[in-house]
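1. got a predicted structure here, sequence first:
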2 protein chains.
Amino acid sequence: MAGHDDAKAKPGTAAEGMGVAKAGWFTELSTMWPGQGLSLKVEDILFQGRSKFQDVCVFQSPSFGKVLLLDGVIQCTERDEFSYQEMITHLPLCALEAEPKKVLVVGGGDGGVLREVARHPYVQEITLAEIDEMVPETSKKWFPEMALGFSDSRVSVHITDGIKWVTEAQPDTYDAIIVDSSDPVGPAEVLFQKPFFEAMHRALKPGGVICTQGESLWLHLDIIKELAAMCHEVFVGGSVQYAYTTIPTYPSGQIGFMICAKATNSGTPLDLSQPRRPPPVAPQADYPPLRYYSGEMHRAAFVLPKFARDALTNSLTF
Amino acid sequence: MAGHDDAKAKPGTAAEGMGVAKAGWFTELSTMWPGQGLSLKVEDILFQGRSKFQDVCVFQSPSFGKVLLLDGVIQCTERDEFSYQEMITHLPLCALEAEPKKVLVVGGGDGGVLREVARHPYVQEITLAEIDEMVPETSKKWFPEMALGFSDSRVSVHITDGIKWVTEAQPDTYDAIIVDSSDPVGPAEVLFQKPFFEAMHRALKPGGVICTQGESLWLHLDIIKELAAMCHEVFVGGSVQYAYTTIPTYPSGQIGFMICAKATNSGTPLDLSQPRRPPPVAPQADYPPLRYYSGEMHRAAFVLPKFARDALTNSLTF
């Protein structure tokens, strides 16, 4: 980056090729959000690689710290990752009726979800099924605060296809499955389709919960409507709900979660918008404190803007 | 725009000069959000002008419809303006103990807040104090769905300095004052300062409410902390609260509201997070339906991420 002239840098002029950042500014463009894109200033490019599945890039930004890109799309930044990681994890784990023992994370190779699952002391087994080994490797090197999750003794990491892992799992295995995937273009596309949701449903214990990355209400309401309708078919007798969190570096500044429960043994559907245990605490001294999640935020996250509530209401259980 | 080659347009290459868009892409840069900026594709530039106070620009975007810029900063887009306009209006008007009769809007020259205030049938007088006449003129020409608010018979428009208007108002005049301002750089800077808040407090009836554009929790927590501490000094015996809404085209995808009540006659502070009347309905057939606000959303809007709640807790009443 030597010789780079900040004063002349213009947003977006660096967003060439496969979306990998060069000096100046990075602009995040995608067919998933045509006509708009977040631009971040790039101080330094720390890593660029090509795995079997995707382009992987880490750059240093002045405003959001280190940024991880997969195929030119922002996966996380040091400054705001906690919002997504805390919410995608504690919404399902705090909503479960019984304390979760076995948790599966599909994707999530940066380790941030593992870090959050590991806050829950009653969890006994945390399994990660990540398809691309370059993601954990990159996170361990450049994002130690997220990769913290890998060091918990309850964690086992499997570099494997998440669908294969879930399909081959014994029925009634998991209390919770968290799907921390990229968008439904590229390697993660299958993670938004019915066979995967049927496999997850089968692998859940009665009353078990899934929570999946569910795109943006403002940008992808059609995708979310289809997803909710499909979940409504799969989670018969259970619950289908939707929640969201704010996060500056995801498109339009928010991201949602499809959160569904398998029918309970009692037959009463679980309202997942109600937390059933207090927020977890830090398991060890080097853990960051919770920065986004609280019991009140748990409830509030399920309250959707009227346009979204109206659009989804036929598919949602509560 | 004839001859413009979309395929070659790159985000940000158009963000030159005073932030006014040219062909290609517009990138919103500001010292208020260094190192980041939203880029929107520009289909056509519809209007560019310079008023006594600021640059005014309207462009057509493929993803957000028409966009209004003041000094190169996005004020509203056709696609998402309803979120901000509904929330900054119905949060205060639905939280008031008594039905509001007299409402003052400071700024808000696009007419969107007027449109929302006019949904409330018990309101008798709606006064707008906007400093820059080019804003209502531009809105009436290019944003008819927002400018709808100007046609209500209860509305009176004054092209004047909002501070002067509020300072000269009789004490105990207004049930609610809504400050729909731009950011605290440029003409709106004084609208974030103590003398203006003292003048608003004086102009409110007992139990009256102010609701002001309150920047972003993710970007401007220091500004918001100062603002809340100042309100805590001004609204003695009353309430000081903070709420927010999601909106894709504001920096980081959210914007907040400082919402404060003057002490009531009974002396019991009003918890403004509780709606006290149902959402208003459309007053006439050509009105858009409510698209963001609901009673549940009212309550949820006051639930702040833990990092923000912790930072503001000493200044907030509830």
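-> Nice, thanks for sending it over.

2. going forward, measure contacts between C-alpha atoms and count neighbours the same way
-> Will do.

3. show me where the stretch 51-200 of chain A has its helices.
-> Under the criterion DSSP state H, counting those that start in this stretch, helices of the stretch 51-200 of chain A are mapped to A:81-95, A:112-117, A:134-142, A:144-147, A:162-168, A:194-203.

4. show me what the fifth one packs onto, helices and strands only.
-> When contacts are defined as 3 or more C-alpha pairs under 8 Å, 6 or more residues apart in numbering or on different chains; DSSP states H and E, helix A:162-168 packs onto strand A:125-130, helix A:194-203.

5. any stretches of chain A with poor pLDDT?
-> Scanning chain A for pLDDT under 70 picks out the ranges A:1-23.

6. let me see the domain layout of it.
-> Domain ranges of chain A: A:21-77, A:81-312, per automatic domain parsing.

7. can you put these in TSV and add mean neighbour count and distance to B:Val106?
-> As requested, the domains of chain A are exported to TSV (neighbours: other C-alpha atoms under 10 Å in any protein chain shown; distance: least, C-alpha to C-alpha, whole Å):
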stretch	mean neighbour count	distance to B:Val106
domain A:21-77	20	31
domain A:81-312	21	26
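
8. switch the ones you listed over to CSV; also include distance to B:Asp55.
-> Output for the domains of chain A, formatted as CSV (distance: least, C-alpha to C-alpha, whole Å):
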stretch, distance to B:Asp55
domain A:21-77, 23
domain A:81-312, 25
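
9. list the contacts of the closest residue to A:Thr77 other than its chain neighbours.
-> Nearest residue to A:Thr77 in three dimensions, chain neighbours excluded: A:Val67, at 4.4 Å (C-alpha to C-alpha, 6 or more residues apart in numbering or on different chains). By C-alpha atoms under 8 Å, 6 or more residues apart in numbering or on different chains, A:Val67 lies in contact with A:Val58, A:Phe59, A:Gln60, A:Ser61, A:Ile74, A:Gln75, A:Cys76, A:Thr77, A:Glu78.

10. the fifth one bridge partners, please.
-> With DSSP bridges applied, the residues forming beta bridges to A:Ile74 are A:Leu69.

11. contacting residues for it?
-> A:Glu28, A:Val67, A:Leu68, A:Thr249, A:Tyr250.

12. ok, the first one next?
-> Listed by C-alpha under 8 Å, 6+ apart, the contact set of A:Val58 reads A:Ile45, A:Leu46, A:Phe47, A:Gln48, A:Lys66, A:Val67, A:Leu68, A:Leu69, A:Trp142.

13. one more time with 10 Å
-> A:20-21, A:44-49, A:66-70, A:74, A:76-77, A:138-139, A:142-143 (C-alpha atoms under 10 Å, 6 or more residues apart in numbering or on different chains).

14. what parts of the stretch 101-250 of chain A come near chain B?
-> A:Trp218, A:Leu219, A:Thr245, A:Thr246, A:Ile247, A:Pro248, A:Thr249, A:Tyr250 (C-alpha under 10 Å from any C-alpha of the partner chain).

15. so the first one sits right up against A:Gly253, yeah?
-> Yes - shown here, A:Trp218 and A:Gly253 form a contact pair, counting by C-alpha atoms under 10 Å, at 9.4 Å.

16. name the residues contacting each of these two.
-> Contacts common to A:Trp218 and A:Gly253, judged by C-alpha under 10 Å, 6+ apart, are B:Thr246, B:Ile247, B:Pro248.

17. quick one: which of these is nearest chain A?
-> Distance to chain A across these (C-alpha to the nearest C-alpha) is lowest for B:Pro248, with 4.3 Å.

18. residues touching the closest one, list them.
-> So B:Pro248 contacts A:36, A:218-219, A:248, A:251-254, B:38, B:64, B:77, B:79-81, B:83, B:254-255 (C-alpha under 10 Å, 6+ apart).

19. did I read that right, it in a helix?
-> No - using DSSP: H, G, I helix; E, B strand; the rest coil, the assignment for B:Pro248 is coil, not a helix.

20. and the residue of the stretch 101-250 of chain A that's closest to chain B?
-> A:Pro248 (4.3 Å).

21. among the domains of chain A, which is nearest B:Arg277?
-> Across the domains of chain A, the minimum distance to B:Arg277, taken as C-alpha to C-alpha, is reached by domain A:81-312, at 16.9 Å.

22. if we can go back for a sec, can I get the contacts of A:Val67 in JSON lines with distance to A:Lys225?
-> As requested, these are arranged in JSON lines below (distance: C-alpha to C-alpha, whole Å):
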{"residue": "A:Val58", "distance to A:Lys225": "33"}
{"residue": "A:Phe59", "distance to A:Lys225": "34"}
{"residue": "A:Gln60", "distance to A:Lys225": "36"}
{"residue": "A:Ser61", "distance to A:Lys225": "35"}
{"residue": "A:Ile74", "distance to A:Lys225": "24"}
{"residue": "A:Gln75", "distance to A:Lys225": "23"}
{"residue": "A:Cys76", "distance to A:Lys225": "25"}
{"residue": "A:Thr77", "distance to A:Lys225": "28"}
{"residue": "A:Glu78", "distance to A:Lys225": "31"}
